[in-house]
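A.B. asks: model the structure of this input:
(chains A and B)
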2 protein chains.
Amino acid sequence: MKENVTRGFVGQCPLPINSHDTVQLSHGSGGKMMNDLISKLFLWAFDNEHLNKLDDQAVLNVNGQRFAFSTDSFVVDPIFFPGGDIGDLAVNGTVNDVCMSGARPLFLSAGFIIEEGFALAELQRIVESMKAAADRAGVMIVTGDTKVVNRGKGDKIFINTAGIGLIEHDYVVSSKSLVSGDMILLSGSLADHGMAILSKREGLAFDAPIESDTAALNGLVDEILKAGGEAVHALRDPTRGGLAATLNEFAAASSVGIRIKQDRLPINAPVAGACEILGLDPLYVANEGKLVAVVARDKSEEVLAAMRAHPLGAEAVIIGDVVSERPGLVTMQTGIGGWRIVDMLVGEQLPRIC
Amino acid sequence: MKENVTRGFVGQCPLPINSHDTVQLSHGSGGKMMNDLISKLFLWAFDNEHLNKLDDQAVLNVNGQRFAFSTDSFVVDPIFFPGGDIGDLAVNGTVNDVCMSGARPLFLSAGFIIEEGFALAELQRIVESMKAAADRAGVMIVTGDTKVVNRGKGDKIFINTAGIGLIEHDYVVSSKSLVSGDMILLSGSLADHGMAILSKREGLAFDAPIESDTAALNGLVDEILKAGGEAVHALRDPTRGGLAATLNEFAAASSVGIRIKQDRLPINAPVAGACEILGLDPLYVANEGKLVAVVARDKSEEVLAAMRAHPLGAEAVIIGDVVSERPGLVTMQTGIGGWRIVDMLVGEQLPRIC
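C.D. replies: Have a look, this model is predicted:
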């Protein structure tokens, strides 16, 4: 049955690949190397209108009904951390990717890759955590798969979730929809998740413990869409690569400039302290319970008020705006009034934070 | 936001878990230990009507339209093998799980977990293989995710795919739908995939090379449904655990007995030889391009003819029937006329064959 296997891959793969080139941790970090791998290998090979949009989910039209479909694998190390574990992270992460299209998440799949020798009691704890997270988010885990790999060929447990959501309105929420004049809203403090993982992994103890912000954001998205409707142009949860990656992806996808103000960015004191000690920029550190909303200016205050009325958006702020100048570029006014370019990281800041 | 995290898990987890119990390779092998893990831990925790059906896919009703949704992670070792690789296996496997509900597969997600140091040229080869397989099956890979784990914390590459299909008829194809009098049809030879993997892994050389049968079966399913319609009661691709696991799952889900005849089972000579040398029973070895169809007796010859007219069903045979006696039990008439019970394996026969 392989007669028709040959497919005309158009031209050479645009990612230059030499025989000795290998996958680096940076290829999974949310920075430029990952973007290159995705856009120059995966998009080149799989080439279709849905994937090419480079959103965190595909929006699919089936018999006139729009659906969102998304997947994420979770390889976080450690698997249990302050504020959560790999189980609720896997549920919340995919719920968030689905709902950032404006969809209502309905169903999840769960695929487990478990290392031989992993404690069944820990597996039970993770599974219970997934169920509790699914209940909180109002989704069902409806199909699954379990694989076991030999000792030393995995790392305790990896979990993939895929999710399906229903789009119940007729406007488009997409990274391609930003226009000059839009306001940039952030739902709360930055860098909590990444610093919680790093602190736990490195055995760092701070006076005030740093907890992951992992949470399902679909309830908050509901409130945003109720308040803003089609004035909500884009939504995204700034995970790997942090706020910097999300804003750069927005600016590139919509060919607009984005300006933010550093003194508007909410960062919890222990997180700011930990970042300083470790030499990390919180703009690049992952969040797992925050979102960025890009909203038409005339609706931005209403949306901000709606976000603040929701427990997961209580600290929401407007952090900047969208301009037509310098398309593709994200700039930040620093505390002392100067401007700096907020680029994407080329390589690796924090491996395996999700 | 964790105030409402506590959920009343009803009673103790029915899987007895002691503090020193660990996950074994057998928990992923398709046998009794995997069934116990799924039914006594995952179903207990996630408990919902869709998952509880224990089919290889969930059938979801959204606004009156039925969808199939399925996921599989692929951890096959080696990743390149005669007849295929982890890429086309990952596409075909999920296409097959989706279409065994009678759905037309439409969209796939792809989640990659790659070990640091994996050759980019091999990744490219796998991605091209996935695309070619998706084209052959008529599905699109519309959303994806890439994670990289540290060297020694994975094994080259693991791929998860999830798939969505549309059910365009109004009958139910399910492991619960077998009734006494149904005929059991098998689309072709047994054990090719598992023995191809094992031969390659163990460096065994046979005169006639053994090739994996990996293939997308949705075209064959189309023909089966066209010929049989609602007389097609159940479909399944006998992967992990082989034909024995599939028939046992059918017998248990429908509370019926199943009888098959050993001399009807097509097994290629090199595969039969390799099984004998290695002491493996082909009934328990995985297939990746075969299906079992359970069809009402009066339509079974028509369906058989339709299968034989399709390249992937050219060697289709009727291997047995469904009876009301001894519900839950699968029995086989051996070549010399006696009967034996075909049980599920308790533990591990072949790890990491998919």
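
A.B. asks: state the distance from whichever residue of the stretch 151-300 of chain A sits closest to chain B to B:Thr143.
C.D. replies: The stretch 151-300 of chain A approaches chain B most closely through A:Ala162 (3.4 Å), counting by CB to the nearest CB. (Glycine included, C-beta is placed from N, CA and C.) Distance from A:Ala162 to B:Thr143, counting by CB to CB, to the nearest Å: 8 Å.

A.B. asks: list residues touching both of those two?
C.D. replies: A:Phe69, A:Ser70, A:Thr71, B:Ser109 (CB atoms under 8 Å, 6 or more residues apart in numbering or on different chains).

A.B. asks: so the second one touches B:Ala110, yeah?
C.D. replies: No: judged on CB atoms under 8 Å, A:Ser70 makes no contact with B:Ala110 at a distance of 11.6 Å.

A.B. asks: quick one: which of these two has more around it?
C.D. replies: Set side by side, A:Ser70 and B:Ala110 show more neighbours around A:Ser70, with 32 against 28, by other CB atoms under 10 Å in any protein chain shown.

A.B. asks: mind checking the SS state of the more buried one?
C.D. replies: Per DSSP: H, G, I helix; E, B strand; the rest coil, the secondary structure class of A:Ser70 is strand.

A.B. asks: do A:Asn61 as well
C.D. replies: Following three-state DSSP, we place A:Asn61 in the strand state.

A.B. asks: and it, what are its bridge partners?
C.D. replies: Beta-bridge partners recorded for A:Asn61 (DSSP bridges): A:Arg66.

A.B. asks: have a look at chain A and report its longest strand.
C.D. replies: For chain A, the strand with the greatest residue count under DSSP state E is strand A:104-115.

A.B. asks: which neighbours do A:Ser70 and B:Ala110 have in common?
C.D. replies: Common neighbours of A:Ser70 and B:Ala110 (criterion: CB under 8 Å, 6+ apart): B:Thr143.

A.B. asks: now the least confident helix or strand in chain A by mean pLDDT - C-alpha only, PDB.
C.D. replies: Counting by mean pLDDT, DSSP states H and E, chain A has its least confident helix or strand at helix A:49-52, which shows a mean of 88. Extracted in PDB, the C-alpha atoms of helix A:49-52 (Å, rounded to 0.1, in the frame of the first residue of the first chain):
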ATOM      1  CA  GLU A  49      -4.200  26.700   6.400                       C
ATOM      2  CA  HIS A  50      -4.900  25.700  10.000                       C
ATOM      3  CA  LEU A  51      -1.400  25.000  11.100                       C
ATOM      4  CA  ASN A  52       0.000  27.900   9.200                       C
END
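
A.B. asks: is that helix positioned near chain B?
C.D. replies: Yes: shown here: helix A:49-52 in contact with chain B (CB under 8 Å from any CB of the partner chain) through A:His50, A:Leu51.

A.B. asks: in that helix, what's buried?
C.D. replies: A:His50, A:Leu51 (16 or more other CB atoms under 10 Å in any protein chain shown).

A.B. asks: A:His169: neighbour count?
C.D. replies: Counted with other CB under 10 Å, the neighbours of A:His169 add up to 14.

A.B. asks: isn't it right up against A:Gly229?
C.D. replies: Yes: the pair A:His169 / A:Gly229 is scored as a contact, 7.4 Å apart, by CB under 8 Å.

A.B. asks: helices or strands up against the longest strand of chain A?
C.D. replies: Contact analysis of strand A:104-115 by 3 or more CB pairs under 8 Å, 6 or more residues apart in numbering or on different chains; DSSP states H and E lists helix A:86-99, helix A:120-137, strand A:140-149, strand A:157-166, helix A:218-228, strand B:58-62, strand B:65-74, strand B:157-166 as its packing neighbours.

A.B. asks: okay, how far is it across stretch A:147-158, tip to tip?
C.D. replies: Taking CA to CA, to the nearest Å, the first and last residues of stretch A:147-158 lie 10 Å apart.

A.B. asks: chain center to the longest strand of chain A, what's the gap?
C.D. replies: 16 Å (CA atoms, centre = their mean, to the nearest Å).

A.B. asks: output that strand as PDB, restricted to C-alpha atoms.
C.D. replies: Presented in PDB, the C-alpha positions along strand A:104-115 are these (Å, rounded to 0.1, in the frame of the first residue of the first chain):
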ATOM      1  CA  ARG A 104     -15.700  26.900  25.200                       C
ATOM      2  CA  PRO A 105     -13.600  23.900  26.000                       C
ATOM      3  CA  LEU A 106     -15.600  20.700  26.200                       C
ATOM      4  CA  PHE A 107     -13.600  17.500  25.900                       C
ATOM      5  CA  LEU A 108     -10.000  16.500  26.600                       C
ATOM      6  CA  SER A 109      -7.900  13.400  25.700                       C
ATOM      7  CA  ALA A 110      -5.100  12.200  28.000                       C
ATOM      8  CA  GLY A 111      -2.100  10.300  26.800                       C
ATOM      9  CA  PHE A 112       0.300   9.000  29.500                       C
ATOM     10  CA  ILE A 113       4.000   7.900  28.900                       C
ATOM     11  CA  ILE A 114       5.100   6.400  32.200                       C
ATOM     12  CA  GLU A 115       8.600   5.200  33.100                       C
END
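
A.B. asks: pLDDT on it, on average?
C.D. replies: In this model, strand A:104-115 has an average pLDDT of 98.

A.B. asks: wait, A:Ala253 sits on A:His233?
C.D. replies: No: A:Ala253 sits out of contact with A:His233 when judged by CB under 8 Å, with a separation of 11.2 Å.

A.B. asks: give me the more crowded residue out of those two.
C.D. replies: Taking other CB under 10 Å, A:Ala253 and A:His233 do not tie; A:His233 has more neighbours (25 against 18).

A.B. asks: that older thread, overlap of the contact sets of A:Ala253 and A:His233?
C.D. replies: Joint contacts of A:Ala253 and A:His233 (CB under 8 Å, 6+ apart) are A:Ser174, A:Leu178.

A.B. asks: pretty sure A:Asp77 is in a helix, no?
C.D. replies: No: according to three-state DSSP, the state of A:Asp77 is coil, so it is not within a helix.

A.B. asks: wait, doesn't it sit right on A:Gly154?
C.D. replies: No: between A:Asp77 and A:Gly154 there is no contact under CB under 8 Å: 11.6 Å.

A.B. asks: joint contacts of these two?
C.D. replies: Residues touching both A:Asp77 and A:Gly154 (CB under 8 Å, 6+ apart): B:Lys153.

A.B. asks: okay, now the sheet partners of whichever strand or helix holds A:Gly320, with direction.
C.D. replies: In this structure, A:Gly320 sits in strand A:317-323 according to DSSP states H and E. Strand A:317-323 has the following sheet partners, assigned by DSSP bridges: strand A:183-186 (antiparallel), strand A:257-261 (antiparallel).

A.B. asks: can I get that strand as CSV, trimmed to CA atoms?
C.D. replies: Extracted as CSV, the C-alpha positions of strand A:317-323 are listed here (Å, rounded to 0.1, in the frame of the first residue of the first chain):
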residue,chain,number,x,y,z
VAL,A,317,-3.9,45.9,34.2
ILE,A,318,-3.6,47.6,30.9
ILE,A,319,0.1,47.3,30.1
GLY,A,320,0.4,48.9,26.7
ASP,A,321,-1.0,49.4,23.2
VAL,A,322,-0.7,48.5,19.6
VAL,A,323,0.8,50.9,17.1
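
A.B. asks: ok, residues contacting it?
C.D. replies: Looking at what lies outside strand A:317-323 - CB under 8 Å, 6+ apart - the contacts are A:178-186, A:254, A:256-261, A:264-266, A:294, A:297, A:300, A:304, A:332.

A.B. asks: buried sites along it?
C.D. replies: A:Val317, A:Ile318, A:Ile319, A:Gly320, A:Asp321, A:Val322, A:Val323.
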